[in-house]
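here is my input; please provide its structure:
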Amino acid sequence: MYGLIMTDQSMPKLKARYVPNNADERTSNIIVWLNKIEKSKLSVAKFLGKHPVPFTRSQYYLYNKKLRESGESGLHDKRSEGGNRKLSAESEAFIVGCVESNPDISPKWLQEAVNKRFGLILSPSGVTRVLQRLYLDKEKRTRGRPKRKDEEEILHNSCGGFEFIVALAYYLGWPQMTADAIKDAVKSLKRTKTFRSSDSYSDKKARDKLGRFTTQYNQREDIRRNRFESITEKRRQKNWKSMNVIRDGIKTIQRKSLAILSLPVVTMNGGIRTVDSALGQELKHFAGFDYKQNSLTKYLNELKYLGVSERLLESMVKFWSKCWGSEMKDLSHRSFLCYYIDGNTKAIWSSKRVKQNKVTMLGRVMGCLEHVFIHDTFGRAVYFETYSGHGPCGEHILEMFEKIEGAIEDVPGSRTSVTRVLVMDGASNSVRTLRAFASQQKYHYITLLDDNQWKERKFTV
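Numbers count the residues shown, from 1 in each chain. This is a model prediction of the structure:
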């Protein structure tokens, strides 16, 4: 059915209008109000002020103009199709057909073809936007030319060779072994009364609202006095439940352990002070996550508080014994087991006050950490300890070997009755070290004496 509406004789161009039943509700509503305004004897302004018309005076003249020029289709709501569009459905279909027939077609060719066929002038960026919109459901195109499906994304890694080491570590089970040892230490801690009552040790004095350290916290007298106390003393007032390692899953600990394993590579063996650098972003390829310096520092600090070194030592000895067991069988004819001990003084850069020592590589006194390493006959690192400031390497050798021997004796099939030979460089000599070795019969001591530590005229034959 069609409704016939007669208009005022003063407007000959709008004498008759037909409102089809299938017109959308918005268009029909606009046409009805336009007819009421034209039939009314009131002016447009007075009519709009008296009746609840759903458009303004300026929109009234705009709708009248569109109705005369384009008919009812000019009043349809086309906002969902985009504002001020030049392309019609036919021109878009033409572009889609061109691209599907030739995916390597250039935007310049499409620009000229649309202009020649439809008389539309599109800018290069306009062609790009049209292609991105038309191919949104397939592949997001960053440029005008469609991306070929056979093109693969190429990832560049500045330290790609180290991925073989990570793959070998996973194959041998090193990350799994490390994570299992740490989780076992966490389980043992959770069974203690100290862990269950550690909430009472939460010290929030001079911290911000998020619980982070502030300058005022570091300037507290008790904090400055106990800053370099033994970790054993600090454990007594530690809030264990605040540590991330308590809540981390087994996979997270594996990733963090791999990140620690990758530190010599991403820091150029200490040449770069932090992993918060361009090279440090390669941790994402090695560990599966782009860890930052603060995360790794906190992870190492938490392991230190956890006291997991002895458990890791036992697991490490068993791990290498399993990996190199076949080679060790071929060496059963040897009558002694050789260890190599060495120290490493590593400089650290800190804005806080830290213990200082003479850094060997730089030759000046500054904040440092001193490491003591113990390697086996094949040069594999068996154990190491870290000291803040000066670490007396020679004085603690026998104490460290008590821990190592205890772990080795627990390994099935290990030969613990052999004679131990310790090899150290001249920096490990001290009066206390020489006296310690002279008072025991278990170890043989081989070392070098630096020229600045002895004088020939003081020795008599």
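
and what about the residue nearest to residue 290 when sequence neighbours are not counted, helix, strand or coil?
Nearest non-adjacent residue to residue 290, counting by Cβ to Cβ, 6 or more residues apart in numbering: residue 284, 4.2 Å away. C-beta here means a position set from N, CA and C on the backbone, and glycine is covered the same way. Following DSSP: H, G, I helix; E, B strand; the rest coil, residue 284 is assigned to helix.

one more: residue 371?
Assignment for residue 371 (three-state DSSP): strand.

thought the residue nearest to residue 290 was touching residue 266?
No - using Cβ atoms under 8 Å as the test, residue 284 is too far from residue 266 to be in contact (10.3 Å).

what about these two, which has more around it?
Neighbour count, other Cβ atoms under 10 Å: between residue 284 and residue 266, residue 266 has more, with 25 against 14.

list the contacts for the more buried one?
For residue 266, the contacting residues are 159, 272, 275, 279, 280, 282, 283, 286, by Cβ atoms under 8 Å, 6 or more residues apart in numbering.

by mean pLDDT, point me to the weakest helix or strand of the protein.
Least confident helix or strand of the chain, by mean pLDDT, DSSP states H and E, is strand 3-6 with a mean of 34.

can you pull out the strands in this protein?
Along the chain, the stretches classed as strands by DSSP state E are 3-6, 16-19, 336-347, 356-359, 364-375, 381-388, 419-424, 443-447.

what strands line up against the third one, and which way round?
To tie it back to what came earlier, the one meant is strand 336-347. Applying DSSP bridges, strand 336-347 is found paired with strand 364-375 (antiparallel), strand 419-424 (parallel).

need those strands in TSV (columns: mean pLDDT).
Shown next, in TSV, are these (pLDDT from 0 to 100):
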stretch	mean pLDDT
strand 364-375	77
strand 419-424	71
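
now distance to residue 60 and mean neighbour count too, for these, in TSV please.
Below are the strands paired with strand 336-347 laid out as TSV (distance: least, Cβ to Cβ, whole Å; neighbours: other Cβ atoms under 10 Å):
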stretch	distance to residue 60	mean neighbour count
strand 364-375	79	17
strand 419-424	99	17
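
which of these sits closest to residue 129?
Closest to residue 129 of those, according to Cβ to Cβ: strand 364-375, at 56.3 Å.

what angle sits between the closest one and strand 381-388?
If you take axes from the mean of the first three to the mean of the last three Cα atoms, to 10 degrees, strand 364-375 sits at 150 degrees to strand 381-388.

spatially nearest residue to residue 124, not counting backbone neighbours?
Using Cβ to Cβ, 6+ apart, the nearest residue to residue 124 is residue 107, at 6.0 Å.

the one you found and residue 129 touch, don't they?
No - look at residue 107 against residue 129 with Cβ under 8 Å: they stay out of range, at 10.5 Å.

wait, what's in contact with residue 186?
Contacts of residue 186 by Cβ under 8 Å, 6+ apart are 245, 246, 306.

got CSV for those, with pLDDT, neighbour count and distance to residue 262 too?
Listed next are the contacts of residue 186 as CSV, based on pLDDT from 0 to 100; neighbours: other Cβ atoms under 10 Å; distance: Cβ to Cβ, whole Å:
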residue, pLDDT, neighbour count, distance to residue 262
245, 93, 22, 19
246, 92, 14, 24
306, 91, 20, 21
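
same list (those) but as CSV, adding distance to residue 87.
Below are the contacts of residue 186 laid out as CSV (distance: Cβ to Cβ, whole Å):
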residue, distance to residue 87
245, 58
246, 60
306, 65
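
between those, which is nearest residue 261?
Using Cβ to Cβ, the contacts of residue 186 come closest to residue 261 at residue 245, 16.7 Å.

and residue 14, what pLDDT?
Note for residue 14: predicted pLDDT of 37.

contacting residues around the spatially most central residue of the chain?
Closest residue to the average C-alpha location of the chain: residue 290 at 2.5 Å, with Cα atoms, centre = their mean. Neighbouring residues of residue 290 by Cβ under 8 Å, 6+ apart: 281, 283, 284.

again, 10 Å this time
Residue 290 makes contacts with 259, 275, 280, 281, 282, 283, 284, as judged by Cβ atoms under 10 Å, 6 or more residues apart in numbering.

filter those residues to the buried ones?
Among these, those scoring as buried are 259, 275, 280, 281, 282, 283 (criterion: 16 or more other Cβ atoms under 10 Å).

what's the nearest residue to the first one if we skip its chain neighbours?
Once flanking residues are discounted, residue 259 sits nearest to residue 287: 4.1 Å by Cβ to Cβ, 6+ apart.

counting neighbours, what do you get for that neighbour?
Residues near residue 287, counting by other Cβ under 10 Å: 22.

switch to numbering from 856
Right, with 856 as the first residue, what we last looked at is residue 1142.

can you give me the helices for the stretch 856-1005 of the chain?
880-894, 899-905, 912-925, 944-956, 962-973, 979-989 (DSSP state H, counting those that start in this stretch).

would you turn the ones you listed into CSV with mean pLDDT and distance to residue 1087?
Shown next, in CSV, are those (pLDDT from 0 to 100; distance: least, Cβ to Cβ, whole Å):
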stretch, mean pLDDT, distance to residue 1087
helix 880-894, 85, 78
helix 899-905, 86, 86
helix 912-925, 83, 81
helix 944-956, 83, 71
helix 962-973, 86, 70
helix 979-989, 81, 63
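
export the ones you listed to TSV and tack on mean neighbour count?
Formatted as TSV, those follow (neighbours: other Cβ atoms under 10 Å):
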stretch	mean neighbour count
helix 880-894	16
helix 899-905	13
helix 912-925	14
helix 944-956	13
helix 962-973	15
helix 979-989	16
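
for those, give me JSON lines that also has distance to residue 1083.
Formatted as JSON lines, those follow (distance: least, Cβ to Cβ, whole Å):
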{"stretch": "helix 880-894", "distance to residue 1083": "77"}
{"stretch": "helix 899-905", "distance to residue 1083": "83"}
{"stretch": "helix 912-925", "distance to residue 1083": "78"}
{"stretch": "helix 944-956", "distance to residue 1083": "69"}
{"stretch": "helix 962-973", "distance to residue 1083": "66"}
{"stretch": "helix 979-989", "distance to residue 1083": "60"}
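
residue 1220 is nearest to which of those?
When the helices of the stretch 856-1005 of the chain are compared (using Cβ to Cβ), the closest one is helix 979-989, at 61.2 Å.

re the thing from before, what's the farthest-apart pair in the buried ones among the contacts of residue 1145?
Once Cβ to Cβ is applied, the buried ones among the contacts of residue 1145 give 1114 and 1136 as the farthest pair, at 11.8 Å.

quick check: neighbours shared by the two?
If you check residue 1114 and residue 1136 against Cβ under 10 Å, 6+ apart, the residues they both contact are 1121, 1130, 1145, 1146.
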